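Trainee: Got a sequence here, can you build the structure:
(chains A and B)
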Amino acid sequence: MNDITAAAAPEAARKRHGSLLVQDARTKTRNASETRFRRLGLLAVALGMLALVGLLGSILSNGLSAFKQTYLQVEVFLDPAKLDKTGSGDLAQIAKVSTFGYAPLIQAAMQGAAKEAGVDTSALPAKALGQMVSKEAPATLRNFVLASPEKIGQTVSFSLLANGRIDGYFKGRVTMESAALDRNISPEQLAFADQLKAAGVLETKFNWAFFTAPDASDTRPEAAGLGVAILGSIYMMLIVLCLSLPLGVAASIYLEEFAPKNRFTDLIEVNISNLAAVPSIVFGILGLAIFINLVGLPQSAPIVGGLVLTLMTLPTIIIATRAALKSVPPSIRDAALGVGASKMQSIFHHVLPLAMPGILTGAIIGLAQALGETAPLLLIGMVAFVREYPAGPPEGLFDPAAALPVQVYNWTQRGDPAFVERASGAIIVLLVFLIVMNTAAILLRRKFERRW
Amino acid sequence: MTTSSLFLLVLGLGVVGYLLGRKRALAVAKATGQRLHSLPGYYGQTVALYSAVPALLCLLAWLFVQPVLIETRISAMVPDSAIPEGGARSLVMADLRRIAGGLDALKEAQNISEDDLLALRVETSDIRKQLGDVGVAIGSEVQGAVFEAAKAYRGAEITGRFWMTVLTLALALGCFVTTLLRIRPQARARNTSETFVLSLLIGASLVAILTTVGILGSLLFETINFFKMYPAKDFFFSTVWNPQFRGGSDLGILPLLWGTLYVSFLALVVAVPIGLMIAIYLAEYASKPLRSVAKPAIEVLAGIPTIVYGLFALITVGPFLRDYIASPLGLGSSSSSVLTAGLVMGIMLIPFVSSLSDDIINAVPQAMRDGSYGLGATRSETIKQVILPAALPGVVGAVLLAASRAIGETMIVVMGAGAAAKLGLNPFEAMTTVTVKIVSQLTGDTEFASPETLVAFALGLTLFVFTLGLNIIALSVVRKYREQYE
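Mentor: Just a heads-up that it's a prediction; the model follows:
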């Protein structure tokens, strides 16, 4: 407290600088320290904002390219000699041709496309040409043929996925230098891809498949999509909404309006505030031990994820709902009681409707939290590789599915760098969902908020 | 009848109960000429609640209990000789369940009668091939005892399901009829239904207690199992973490605890000064436009899921630290490191610290500030010598809460800190934490009989105790501080 005691400094010291306009050394240091402190604060704010910008910038710069994908526009001759040797048109016979049987068709189609585009392919063997197309392409062809076997013998135009490395080349992830060291792609193939692009055979389009396709294996990142994960997340959010909203509202009404002040109520309150602070992974352990091992619910199923996330969001919803109930003025309750309503009637007919906007806002924020939660889902088996879409609810709730944030984690564990782009893209999708939900919550609050 | 159609049926009965109850109340009142005690809707509500709720609760309880009971009974039927060398009972049980499910598929696909299905024997027909034909792949040849147990399992499930349907429907209909018949004009229907609703509300608030009991129960139960297999002394005091698939693992918690505390410490070193300064600046200095931009921006940081931070650590911060700091200085060559995780976790905690501190700084009475200014102190002097000392207990509480968050955080350390259990001081080295090991021991094919899996529960319990202790201390500190100025 030097500055304050300074007021009691000796008379002599004060006389030396009589003018208020001239600062003495002490005032100067004090003011300097003031400025320093202020700058430090500004620096902290700047650092915080910088962290946000850096975080979002890194995700956006890595992930935006996932929404574009390189496709090859080729004419494939569905050779009856290869697909339907007996010529019977029998579907069981056609189904016996595995995806390997379709690879030569794609090679031929690539050569045809090159010839048409006037590109010289003599430097590349036919096999290398076939490799430029995604490993997913034969499966695409096979599914098409099995769906419409009458097209065998005709030439059909296909938009096939290009190999992930070719795709990466046009996005700047793969260069001629890295291709020279890469076993999966050669600089010649990249040069050829350049020519194809100039000829219009190869084009980069918006990647709708990213939102609808299921996950794909390690060697075909170009085909991996978020379809199953988005569906799984939607299922889980439905469960969370259907369970945690009624449960949370009921619990809050009891605690806020009915509960007597006693030990039991205190116990419930302490429990709720502690549950809000339990690490999310512990909820995962709970889900594994109780819902999967004890009750025998299936692993990787949205129902288990939904139940675990419900328990996690309950405290959030209860806290928000209680705040909303508390903000309804007592005069409303008194008026209802005064005209003869029972306590239950006053709450369900008057207090609850008035508190609804606040409750819904809290519920949406709770849902947004649940949507981004990853750790507990890892433990209940949602990391599994799932390619099948779950069925429609309610049976589909018991089918294996993925979830958006877990899909991101899953992709980061894969070897191919193309999956990093996919993971960042998936994060962008997740963030868009969150922004939409939070905006809805804010709008809801703005529109219905009442000041009493 | 499937569970979902049973569920819908009971709900439908509830709706019908409401309509009938209401109608009957009006009819009875008209017939007797008496006034109804309650509004007619309440009579309907009573019927609906009594017919739907007990039946649904019974259904729910049955769904929880039946698998547990059947599992224990059938598990006892499988002789020890049927369990392969080095395998576990749980794996045989999983096979058994698949066979039982496969039998249903078999019946469906080949139109076999129930009797023929029960007459199937391992000796007379190739069960594995037959199941394979309907799309149920069994890992090994089906043994006689296991197959018989599977048939018993299936039988028990079918009977269980049958009785569940019967009991639920009987309960629903019984309550439906009795409550419907008990409608009298003088019956206090509103009071009855309101008491019922109140008990439902109490039940809903019990879910919180049940969750805590579930968490503690599952953690304690499996932890006790773990300590039966692995000495507690080694777990708490061994400095080696080295799980082996074939037994003989070293499962010492110390390296994991060290990693956890190191990462959390670094995170707090980043988050506390920055968060606190942000709170001070925004509360005491910032102009309105700056505050209206900065405050929401910092709050956005709080709403971002941790997986996003994890990815940020993995693809940006980790490689950056490795390429520009660790490698040139020769301190390490791994992109996942304690510093990576600590730094990113620190960013995650900034909004947490700043919003808590903001509340606390705003709670310091204006009179204390005015007094300080009146004595001629500058703003920073007031903050440093009046506001912060006054707010110190609250700030300590906030830091403890942030620490508890940091200790329990999972995704950032899973993706940023690495997996090597080490006791070291170099922040550029990869280390691992309790949460990372819980994830790695419990993901994938887990088998609940080995200490390598069960150790995750002991780790979980340790984590739970740590965070709970920190939270209780922090909350009591914050509460005490609040009372001081209210």
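
Trainee: So B:A363 sits against B:P393, correct?
Mentor: No. Proximity of B:A363 to B:P393 does not meet the contact threshold set by C-beta atoms under 8 Å, at 11.0 Å. Placement of C-beta: from N, CA and C, glycine included.

Trainee: Give me the common contacts of these two.
Mentor: B:Y481 (C-beta atoms under 8 Å, 6 or more residues apart in numbering or on different chains).

Trainee: got the contact list for stretch A:30-46?
Mentor: Contacts of stretch A:30-46 (C-beta under 8 Å, 6+ apart): A:3, A:23, B:273-278, B:280-282, B:285-286, B:290, B:294, B:378-381, B:383-384.

Trainee: Tell me the buried residues in that stretch?
Mentor: A:R30, A:E34, A:F37, A:R38, A:G41, A:L42, A:A44, A:V45 (16 or more other C-beta atoms under 10 Å in any protein chain shown).

Trainee: would CSV of these with pLDDT, distance to A:T316 and secondary structure be doable?
Mentor: Listed next are those as CSV, based on pLDDT from 0 to 100; distance: C-beta to C-beta, whole Å; DSSP: H, G, I helix; E, B strand; the rest coil:
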residue, pLDDT, distance to A:T316, secondary structure
A:R30, 92, 46, helix
A:E34, 93, 41, helix
A:F37, 94, 36, helix
A:R38, 93, 36, helix
A:G41, 93, 31, helix
A:L42, 93, 33, helix
A:A44, 94, 28, helix
A:V45, 93, 28, helix
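
Trainee: For the residues you listed, name the two members farthest from one another.
Mentor: For the buried residues of stretch A:30-46, with distances taken as C-beta to C-beta, the pair at the greatest spread is A:R30 and A:V45 (23.3 Å).

Trainee: Backbone dihedrals for A:T219, please?
Mentor: Note on A:T219: its backbone torsions stand at phi -90, psi 0 [degrees, to the nearest 10].

Trainee: gap between B:S404 and B:S335?
Mentor: Look at B:S404 and B:S335: by C-beta to C-beta, to the nearest Å, they are 28 Å apart.

Trainee: An error on my part: the question was meant for A:G168.
Mentor: Counting by C-beta to C-beta - A:G168 and B:S335 are separated by 20 Å.

Trainee: same question, A:T175
Mentor: Taking C-beta to C-beta, one finds A:T175 at 21 Å from B:S335.

Trainee: neighbour count winner among the two?
Mentor: The neighbour comparison of A:T175 against B:S335 (other C-beta atoms under 10 Å in any protein chain shown) goes to B:S335, with 22 against 12.

Trainee: Test my guess that the more buried one contacts B:I315.
Mentor: No. Contact status for B:S335 versus B:I315: not in contact, 9.2 Å apart, counting by C-beta under 8 Å.

Trainee: Show the contacting residues for the residue nearest to A:E136 when sequence neighbours are not counted.
Mentor: Counting by C-beta to C-beta, 6 or more residues apart in numbering or on different chains, A:E136 lies nearest to A:A223, which is 3.8 Å off, once chain neighbours are set aside. Contacts here follow C-beta under 8 Å, 6+ apart; on that basis A:A223 touches A:S134, A:K135, A:E136, A:L161, A:A209, A:A213, A:A216.

Trainee: Also B:R154?
Mentor: Taking C-beta under 8 Å, 6+ apart as the definition, contacts of B:R154 comprise B:A100, B:L103, B:D104.

Trainee: Once you drop chain neighbours, what's closest to the last one?
Mentor: Put plainly, it is B:D104. Using C-beta to C-beta, 6+ apart, the closest residue to B:D104 is B:R154 (7.2 Å).

Trainee: tell me which element the one you found is part of?
Mentor: Taking DSSP states H and E as the criterion, B:R154 maps to helix B:144-181.

Trainee: before we move on, what about A:T321?
Mentor: Going by DSSP H and E, A:T321 is in helix A:302-327.

Trainee: quick one: buried residues of that helix?
Mentor: A:302-325.

Trainee: tell me how far the ends of stretch A:395-406 are from each other?
Mentor: Across stretch A:395-406, the terminal residues are separated by 22 Å (C-alpha to C-alpha, to the nearest Å).

Trainee: what mean pLDDT would you report for the very next helix or strand once past the helix holding A:T321?
Mentor: Next helix or strand after helix A:302-327 toward the C-terminus (DSSP H and E): helix A:330-338. In this model, helix A:330-338 has a mean pLDDT of 94.

Trainee: Check which helices and strands the following helix or strand past helix A:330-338 is in contact with.
Mentor: Helices and strands here follow DSSP H and E; after helix A:330-338, the next one along the chain is helix A:343-345. Applying 3 or more C-beta pairs under 8 Å, 6 or more residues apart in numbering or on different chains; DSSP states H and E, we find helix A:343-345 packed against helix B:189-229.

Trainee: so for the helix it packs on, what's the average pLDDT?
Mentor: 91.

Trainee: do stretch B:28-45 as well
Mentor: Stretch B:28-45 comes out at a mean pLDDT of 87.

Trainee: what's the answer for stretch B:475-483, then?
Mentor: The model assigns stretch B:475-483 a mean pLDDT of 77.

Trainee: hmm, who's touching it?
Mentor: A:S273, B:I360, B:A363, B:A391, B:P393, B:G394, B:V396, B:G397, B:A398, B:L400, B:L401.

Trainee: Format those residues as TSV; extra columns: pLDDT, secondary structure and neighbour count.
Mentor: Shown next, in TSV, are these (pLDDT from 0 to 100; DSSP: H, G, I helix; E, B strand; the rest coil; neighbours: other C-beta atoms under 10 Å in any protein chain shown):
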residue	pLDDT	secondary structure	neighbour count
A:S273	87	helix	16
B:I360	85	helix	27
B:A363	84	helix	15
B:A391	88	helix	24
B:P393	86	helix	16
B:G394	86	helix	25
B:V396	90	helix	16
B:G397	89	helix	24
B:A398	89	helix	27
B:L400	92	helix	20
B:L401	90	helix	23
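
Trainee: is it true that B:T462 touches B:T433?
Mentor: No. Using C-beta under 8 Å, B:T462 is not in contact with B:T433, being 11.5 Å away.

Trainee: So which of the contacts of stretch A:30-46 are in helices?
Mentor: Counting by DSSP state H, the members of the contacts of stretch A:30-46 that fall within helices are A:3, B:273-278, B:280, B:290, B:294, B:379-381.

Trainee: farthest-separated two in those residues?
Mentor: Largest pairwise distance in these, by C-beta to C-beta, is 29.9 Å, between A:D3 and B:A294.

Trainee: nearest spatial neighbour of the residue in the stretch 351-452 of chain A positioned nearest to chain B, skipping sequence neighbours?
Mentor: When scored by C-beta to the nearest C-beta, the stretch 351-452 of chain A has A:G372 as its residue closest to chain B, at 2.5 Å. With sequence-adjacent residues excluded and distances taken as C-beta to C-beta, 6+ apart, A:G372 is closest to B:P305, at 2.5 Å.

Trainee: where in chain A is pLDDT low?
Mentor: By pLDDT under 70, the low-scoring segments of chain A are A:1-18, A:87, A:89, A:452.

Trainee: Stretch A:149-156: how far from the chain's middle?
Mentor: 40 Å (C-alpha atoms, centre = their mean, to the nearest Å).

Trainee: Just the endpoints, please. Distance across it?
Mentor: 12 Å.

Trainee: Contacts for it, please.
Mentor: Under C-beta under 8 Å, 6+ apart, the answer for stretch A:149-156 is A:75-80, A:83-84, A:89, A:91, A:94, A:144-145.

Trainee: For that stretch, which residues meet the burial criterion?
Mentor: For stretch A:149-156, using 16+ other C-beta under 10 Å, the buried residues are A:P149, A:I152, A:V156.

Trainee: Note down every partner strand of the longest strand seen in chain A and its orientation.
Mentor: Criterion DSSP state E: the longest strand present in chain A is strand A:68-77. According to DSSP bridges, strand A:68-77 has the following sheet partners: strand A:155-161 (antiparallel), strand A:202-206 (antiparallel).
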